[in-house]
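J.: fold the stuff below for me.
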Amino acid sequence: MPRRFHAGYNSFLGAYGVWLSRPGVDVLATSSNSDFLLRSETKNDQVVMSGSIYLPINSGDQNIPYPATFTRTPYVWFEAYIDSGVVAYPYNQGMAAREITVGGVLTYEVGMGLTFWNNKITLNNASSDYAFYVDYMIFHRSLGL
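T.: Model (predicted):
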């Protein structure tokens, strides 16, 4: 019967940590992400990147590339503001503005569109009235179900 759980040094992976493999997979004889339910030496469900970006009026597409191409689309948290990062009318865009989806692109009614990819986020400010400041965090999720 294969060993499914291991804590300490994993000579196969050359790292210290905690590992739990899927049923039938020896945790000390695999390196494939799809074989693990827990793999502590990788960034999984952790913030791998965060920051802020300024989108001037009518700025068009601005890309935020991720540090790596992920095996799944990552979780992305974002918060959009106008007026130099100070929340002002129409307030926090994530709470006050109506969200609509046009051609698969999430757009706020004041004109900021977001497209999520497995290697970047594309933000677009088509507004002729507002510049946006967007804070974001990107969570990597490669293991588990």
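
J.: and stretch 30-43, what's buried?
T.: T30, D35, F36, L37, R39, K43 (16 or more other Cβ atoms under 10 Å). Yep, even glycine has a C-beta here, placed from its N, CA and C like the rest.

J.: show me what contacts the first one?
T.: In this case it means T30. F12, S21, F36 (Cβ atoms under 8 Å, 6 or more residues apart in numbering).

J.: could you check how far the last one is from P65?
T.: Taking Cβ to Cβ, to the nearest Å as the measure, F36 and P65 are separated by 26 Å.

J.: what's the pLDDT at T30?
T.: On pLDDT, T30 comes in at 90.

J.: hmm, I typed the wrong one, I wanted S50.
T.: For S50, pLDDT reads 86.

J.: again with P56
T.: Confidence score, pLDDT, at P56: 87.

J.: for A7, which non-adjacent residue is spatially closest?
T.: Nearest non-adjacent residue to A7, counting by Cβ to Cβ, 6 or more residues apart in numbering: V18, 4.7 Å away.

J.: burial measure for the one you found, as a count.
T.: 14 (other Cβ atoms under 10 Å).

J.: hmm, it is touching F36, no?
T.: No - with contacts counted by Cβ atoms under 8 Å, V18 stays clear of F36, the gap being 10.5 Å.

J.: ok, the closest residue to D35 other than its chain neighbours - contacts?
T.: Among residues not flanking D35 along the chain, V25 sits closest, at 4.5 Å (Cβ to Cβ, 6+ apart). Neighbouring residues of V25 by Cβ under 8 Å, 6+ apart: P2, R4, D35.

J.: ranges for the helices of this structure?
T.: 93-96 (DSSP state H).

J.: can you show me the strands along it?
T.: Using DSSP state E, the strands assigned to the chain run over residues 5-10, 15-21, 36-39, 46-55, 60-65, 75-82, 99-102, 105-108, 112-116, 120-125, 132-140.

J.: who are the packing partners of the first one?
T.: This points to strand 5-10. strand 15-21 (3 or more Cβ pairs under 8 Å, 6 or more residues apart in numbering; DSSP states H and E).
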